[in-house]
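Engineer: return atomic coordinates for the entry below.
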Amino acid sequence: MAGETRWGKRSRLDDPDQARNHILSATYHVVTNKGVDKTTISEIAKQAKVSRPTIYRYFDSRDEIIQCLLNKRQGDFFERMYEETLRYRNDFPRLVEELLCFAQQFTARNRASDLVSGPNAGRMVNYFPSDEAERHFAKILDEPYQNYRYTTGNVVDLESLKGFLGVMMLSIRLYPYKNHETLRNQLQAIMALGRTASREESTKTFDSLKKNTMRNSR
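Structural biologist: You can find the predicted model right below:
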């Protein structure tokens, strides 16, 4: 009750972690209801029931808040991906396939509320945490790949594969496939070619996708 009263009076939040999470939750509400362009410090403070100085006590700018929010949401996305693909960790090719299928299913289930695939998608691309994605991919793919290489002798450019998967997942979430089977068939066709985009090509594709998305959202 004390917390509700304190926030209701627009006073300072005492616990730093609790305060930041509270502000991020308020930001998510504003972004999904009013859009990124209308998300201001004042709107966030109003939704969080705190003062503007309180917001600035924990974040330097609106962009930092949005970046932290997207980092958190992406962390949740990858954690769910990891948990839902655990059964495929002993089958590396199937694991790669299921990661993309998870992205497709997640998008279908959360289209209206997902910051990456929702109505704000074009505006959120610039905040996309690519470095964080590499860390999450390492957790999901490194050990299964080592086991796959040891048992089969097959060698994959794992870093290029991670970059390729990142581009594909972003593409899927921005421009969802209509069904699971279409995605699976196209992925298998790509894998059958025996080609993986180089890291440089993946970066160029990612940058091009960002530019096209921003252009289409205007």
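
Engineer: got the contact list for the residue nearest the centre of the chain?
Structural biologist: When CA atoms, centre = their mean is applied to the chain, the residue found nearest the centroid is Gln74 (3.3 Å). Neighbouring residues of Gln74 by CB atoms under 8 Å, 6 or more residues apart in numbering: 116, 128-129, 132-133, 136. From N, CA and C alone the C-beta is placed, and that goes for glycine too.

Engineer: what residues sit buried inside the helix or strand Gln67 falls within?
Structural biologist: Gln67 belongs to helix 62-84 when elements are defined using DSSP states H and E. Buried residues in helix 62-84, counted by 16 or more other CB atoms under 10 Å: 62, 65-74, 77-78, 81.

Engineer: could you chop this structure up by domain?
Structural biologist: 2-59, 70-217 (automatic domain parsing).

Engineer: now tabulate the ones you listed in CSV and tack on mean pLDDT.
Structural biologist: CSV is the format used below for the domains of the chain (pLDDT from 0 to 100):
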stretch, mean pLDDT
domain 2-59, 82
domain 70-217, 78
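
Engineer: what segments of this protein are helices?
Structural biologist: Remark: helices assigned in the chain by DSSP state H are 2-8, 16-34, 41-48, 52-58, 62-84, 92-110, 121-124, 130-152, 158-174, 180-192, 199-217.

Engineer: buried stuff in the fourth one?
Structural biologist: Neighbour-count burial for helix 52-58, with 16+ other CB under 10 Å as criterion, is recorded at 54-55, 58.

Engineer: how about these in a markdown table, adding distance to Lys34?
Structural biologist: Formatted as a markdown table, the buried residues of helix 52-58 follow (distance: CB to CB, whole Å):
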| residue | distance to Lys34 |
| --- | --- |
| Thr54 | 20 |
| Ile55 | 16 |
| Tyr58 | 21 |
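
Engineer: and the residues you listed, which is closest to Met124?
Structural biologist: Ile55 (20.0 Å; CB to CB).

Engineer: show me what contacts that closest one?
Structural biologist: Contacts for Ile55 (CB under 8 Å, 6+ apart) come out as 23, 41, 44-45, 48, 65.

Engineer: perfect, that will be all.
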